[in-house]
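K.L.:
Kindly return the folded structure for what I paste below:
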Amino acid sequence: MSKITRFENLECWKAARELVKLVYQISNQGSFSKDYDLKSQMRRAAISSMNNIAEGFGRKSNKEFVRFLDISQSSAAEVKSMVYLCEDLNYAEKHQLDELHTKTDKTRNLTLGLIRYLTKKNT
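P.N.:
From the prediction side, this is the model:
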């Protein structure tokens with residue numbers, strides 16, 4: 001694996017960025033846009049997933065980076081949980097919810113993969 005020198009080149013960060021964009025787009029529609037608590041919490045969790053990857057990348061050690069990646073994947077799991085609530089409340093179309101599930105899973109899986117790589121590298 002070649003050395004990555006910018007967090008913008010990390011696949012998990014790119015996926016998290018796509019997730020944030022989608023959360024913002026969907027949460028601006030219909031009844032969802034008026035549920036300020038859920039909208040705000042879901043946006044903050046998605047942003048947390050993206051920003052913790054970037055913040056962890058800037059840390060001095062892989063151990064610290066892994067800690068931030070773990071927070072990132074947990075935030076993605078939080079978004080996933082809220083997607084189910086959006087389903088229950090009929091806040092979005094099925095295809096939009098499916099896309100949210102897919103992007104959330106992709107973000108989380110890529111982040112977990114990087115955690116596994118960094119953890120294995122240090123043993």
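K.L.:
Which elements pack onto the helix or strand harbouring residue 114?
P.N.:
Using DSSP states H and E, residue 114 sits in helix 94-121. Where contact means 3 or more CB pairs under 8 Å, 6 or more residues apart in numbering; DSSP states H and E, helix 94-121 is packed against helix 11-27, helix 36-57, helix 62-88. For every residue, glycine as well, the C-beta is placed using N, CA and C.
K.L.:
got JSON lines for those, with mean neighbour count too?
P.N.:
Conversion of the helices and strands packed on helix 94-121 to JSON lines gives the following (neighbours: other CB atoms under 10 Å):
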{"stretch": "helix 11-27", "mean neighbour count": "20"}
{"stretch": "helix 36-57", "mean neighbour count": "19"}
{"stretch": "helix 62-88", "mean neighbour count": "19"}
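K.L.:
just to revisit the earlier point, could you give the average pLDDT over the helix holding residue 114?
P.N.:
Helix 94-121 carries an average pLDDT of 96.
K.L.:
Looking at the helices and strands packed on helix 94-121, which is nearest to residue 101?
P.N.:
helix 62-88 (5.8 Å; CB to CB).
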